[in-house]
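Next one to model:
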Amino acid sequence: MTVKGVISDMDGVMLDSEKLYVRFWCEAAQSYGFPMERRHALGIRSMARPFAVAKLQGWFGESFDYDAVRSKRRELMDSYIRANGIEAKDGAEELLRWLKQNGYAVALATATAVDLATAYLEQTGLLPYFDVICSARQVPHGKPAPDIYLYAAAQLGLAPEECIALEDSTNGVRSAAAAGCKTVLVPDLDNPEAEVRSLLYATAENLSAVKTLLTKAADSL
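This is a model prediction of the structure:
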């Protein structure tokens, strides 16, 4: 089936923000006395609240107050971004411009609230390239459930099978693949390819490689 749309995760794919989530999840948890490390923060990337709570309490015990720690993480991260801004990933604008020039519909599928995601994309100059912004807050179940990708495809007026999904995390890959999207892993802070290889359409080492992948796919039709 011809690829007509691209649905992308935000953090770690379009924005170089995943490193901030990792840093400030750890700092927030440690401020409450929980020895959270980078590997723990990576383990909950893109994960919906019920799954994240279970995982974090499995690591640190039932006294881990997800809402309190998350609130502290947001406070720390928001303060950092107000002072330092947020950056797009290398090649993000180039890819998005190329997608629009070549007639692809483009959606965002993120765990972040729509208003905050919109603000981040506006700050980095990426907002005009997206046809729709979709948040896990708009669907019954967040990643790794398929809901957000099903919703994003529907908002574009496309079948999931007509969409390439760009993801950097295990939870995101599982979500997109379960929805039926052609899922492309674009690794960021780690590379979970071995864990999710059977679910992938392809792996792209960076966003420039996504353009090459789509060009080859179009040429093969």
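
C-alpha only now, for contacts and for neighbours.
Will do.

For stretch 28-36, list every residue counted as buried.
28, 29, 34, 36 (16 or more other C-alpha atoms under 10 Å).

Verify the stated contact: the first one with residue 66.
No. The pair residue 28 and residue 66 fails to qualify as a contact (C-alpha atoms under 8 Å) at a distance of 10.4 Å.

So for the longest helix along the chain, what gets flagged as buried?
What stands out as the longest helix in the chain, according to DSSP state H, is helix 66-84. Using 16+ other C-alpha under 10 Å as the burial criterion, the residues of helix 66-84 that qualify are 66, 69, 72, 73, 74, 76, 77.

pLDDT score assigned to the last one?
Looking at residue 77, its pLDDT is 95.

and the nearest residue to it once chain neighbours are set aside, which of the three is it?
Residue nearest to residue 77 in three dimensions, not counting chain neighbours: residue 24, with 6.1 Å by C-alpha to C-alpha, 6 or more residues apart in numbering. Classification of residue 24 using DSSP: H, G, I helix; E, B strand; the rest coil returns helix.

residue contacts, residue 24?
By C-alpha atoms under 8 Å, 6 or more residues apart in numbering, residue 24 lies in contact with 73, 74, 76, 77.

residue boundaries of the strands in the protein?
5-8, 105-110, 132-135, 163-167, 182-185, 202-203 (DSSP state E).

what's the closest of those to residue 196?
strand 182-185 (9.2 Å; C-alpha to C-alpha).

returning to that earlier point: inside helices: which ones of the buried residues of stretch 28-36?
28, 29.

Contact partners for residue 45?
Contacts of residue 45 (C-alpha under 8 Å, 6+ apart): 169, 171.

neighbours of the closest residue to residue 206 other than its chain neighbours, just the number please.
Excluding the flanking residues, the one nearest residue 206 by C-alpha to C-alpha, 6+ apart is residue 186, at 5.8 Å. Using other C-alpha atoms under 10 Å, residue 186 has 24 other residues around it.

How many neighbouring residues does the closest residue to residue 167 other than its chain neighbours have?
Excluding its sequence neighbours, the residue lying closest to residue 167 (C-alpha to C-alpha, 6+ apart) is residue 185, at 5.1 Å. Taking other C-alpha under 10 Å as the criterion, the count of residues near residue 185 is 28.

Which residues does the worst-scoring helix or strand of the chain on mean pLDDT contact?
Scoring the helices and strands of the chain by mean pLDDT, DSSP states H and E places helix 207-219 at the bottom, with a mean of 86. If you take C-alpha under 8 Å, 6+ apart as the criterion, helix 207-219 is touched by 2, 13, 90, 91, 92, 94, 95, 98, 186, 204.

Check which residues of it are buried.
So, applying 16+ other C-alpha under 10 Å, buried residues of helix 207-219: 207, 210, 211, 213.

mind listing what's buried in stretch 185-196?
185, 186, 187, 188, 191, 192, 193, 196.

With stretch 1-19 instead?
In stretch 1-19, counting by 16+ other C-alpha under 10 Å, buried: 3-19.

What of stretch 35-52?
36, 40, 41, 42, 43, 44, 45, 46, 47, 48, 49, 52.

isn't the last one right up against residue 44?
To tie it back to what came earlier, the one meant is residue 52. Yes. The criterion here is C-alpha under 8 Å, and residue 52 meets it with residue 44 at 5.8 Å.

Out of the contacts of helix 207-219, which one has the weakest pLDDT?
residue 2 (89).
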